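In: sequence-free structure coming up:
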């Protein structure tokens, strides 16, 4: 039996690295451990928080490519050289890049190495993307196969790039939610933020960015009839300097509400925050390409309110396992928030239905099985 036949096909994930850890990085770090058909490796171009985060998960096949920012040409060349050499030494057969920035490296590395490649696209493509530097380059380098994180994203690829696209939705570890006792999470949350008993907690979780709709959540809270019985937690921090003005605007909007609106800043204990909350908000004014916060809210057994656009339409069946509202409509949102405060039976029903859906459709095992099936097809064609 040949060496190739005796071992699993080897797959090389490429990531640009740096210090921003979001949904792409979290899914990548967790999903590689669930591969059964492939032997995965991850190459990180620029060492930083992303590299350390993946290493802390215990994943051993992690490679520092010793590169830098894309504009640092000598470092970029060194990273590409190190990746190509590693691919040839390990006889890797397939490269996967997550996101536009990573695909610039991935596309060049795959073509130089002479191996097949997959571009996993995590955000819908727009016409204006072709005019920006990074996106423009990425969209002109064609992979063997495109994979999208939702039908919404896939349709944008088919429409603008005219390329066949498979869909593999991201996922989360349901165990990290099932292992937390709700009563303990509520107690910790109330103690930390001085929240009295019997107060209903709404949490909106994500980076502080205008398109994420934190201002809509504040406006809805202000218009609630039962706001004295509730708290609104804004969980997240500013990642980019361009969002600082919006963050300051949010602070100004919330001043008159005294203790009603709580800014938690960046948190690493999101499962605890979710389990300690009563309702999770994901009310982006622009379409979410997918919406991993929605899935995690379901896993935490909480009703999730999302907007009627993009990826959430593929996750939530409104009034069955979650709720969908019009983007920017804080009046509609306020009415729904009041309704949930009043109707605990509805909260319980939606929570359980959402949990059942997440456990069936959005676990890491289900996601990686689907992903491996697609990758196997790309490798064999």
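Out: On my side now, so go ahead. A quick note: this is a predicted structure, and the numbers were derived from the prediction, not measured.
In: Helices along the stretch 101-250 of the chain, start to end?
Out: Ranges of helices in the stretch 101-250 of the chain, per DSSP state H, counting those that start in this stretch, are 133-138, 151-161, 175-178, 182-193, 214-222, 244-254.
In: Flag every buried residue along stretch 140-147.
Out: By neighbour count with 16 or more other CB atoms under 10 Å, stretch 140-147 contains the buried residues 141, 143, 145, 146, 147. Glycine gets a C-beta too; all of them are placed from N, C-alpha and C.
In: residues in contact with it?
Out: Contact with stretch 140-147 is made by 97, 103-104, 106-108, 110-111, 116-121, 154, 157, 161, 163-168, 371, 374, 377-378, 381, as judged by CB atoms under 8 Å, 6 or more residues apart in numbering.
In: what are the bridge partners for residue 64, then?
Out: Residue 64 has the following beta-bridge partners by DSSP bridges: residue 44.
In: That one: what's it in contact with?
Out: Counting by CB under 8 Å, 6+ apart, residue 64 touches 44, 47, 51.
In: what's the closest of these to residue 15?
Out: residue 44 (5.2 Å; CB to CB).
In: list the contacts for the closest residue to residue 148 other than its chain neighbours?
Out: For residue 148, ignoring the flanking residues on the chain, the nearest one in space by CB to CB, 6 or more residues apart in numbering is residue 154 at 3.7 Å. Taking CB under 8 Å, 6+ apart, we find residue 154 in contact with 146, 148, 165, 166, 167.
In: Flag the shaky bits of this structure, pLDDT-wise.
Out: Residues of the chain meeting the criterion pLDDT under 70: 1-6.
In: And the strands in it?
Out: Secondary structure of the chain (DSSP state E): strands at 10-17, 39-46, 62-64, 94-98, 116-121, 145-148, 165-167, 200-205, 230-235, 261-265, 279-282, 304-307, 323-325.
In: okay if I get the ones you listed as CSV plus distance to residue 289?
Out: Shown next, in CSV, are these (distance: least, CB to CB, whole Å):
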stretch, distance to residue 289
strand 10-17, 18
strand 39-46, 22
strand 62-64, 26
strand 94-98, 13
strand 116-121, 8
strand 145-148, 8
strand 165-167, 12
strand 200-205, 17
strand 230-235, 20
strand 261-265, 25
strand 279-282, 12
strand 304-307, 13
strand 323-325, 16
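In: mind checking which of these is nearest residue 339?
Out: Between the strands of the chain, strand 323-325 lies closest to residue 339; by CB to CB that is 9.4 Å.
In: thinking again about what came up before, show me just the buried residues among the contacts of residue 154.
Out: Of the contacts of residue 154, these count as buried by 16+ other CB under 10 Å: 146, 148, 165, 166, 167.
In: I'd like these laid out as TSV, including distance to residue 31.
Out: Converted to TSV, the buried ones among the contacts of residue 154 look like this (distance: CB to CB, whole Å):
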residue	distance to residue 31
146	18
148	16
165	19
166	16
167	15
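In: Among those, which one lies nearest to residue 329?
Out: Residue 329 lies nearest to residue 148 out of the buried ones among the contacts of residue 154, by CB to CB, at 27.8 Å.
In: Correct me if wrong: the closest one contacts residue 157.
Out: Yes: taking contacts as CB atoms under 8 Å, residue 148 lies within contact range of residue 157: 6.0 Å.
In: Overlap in contacts, these two.
Out: Joint contacts of residue 148 and residue 157 (CB under 8 Å, 6+ apart) are 121, 165.
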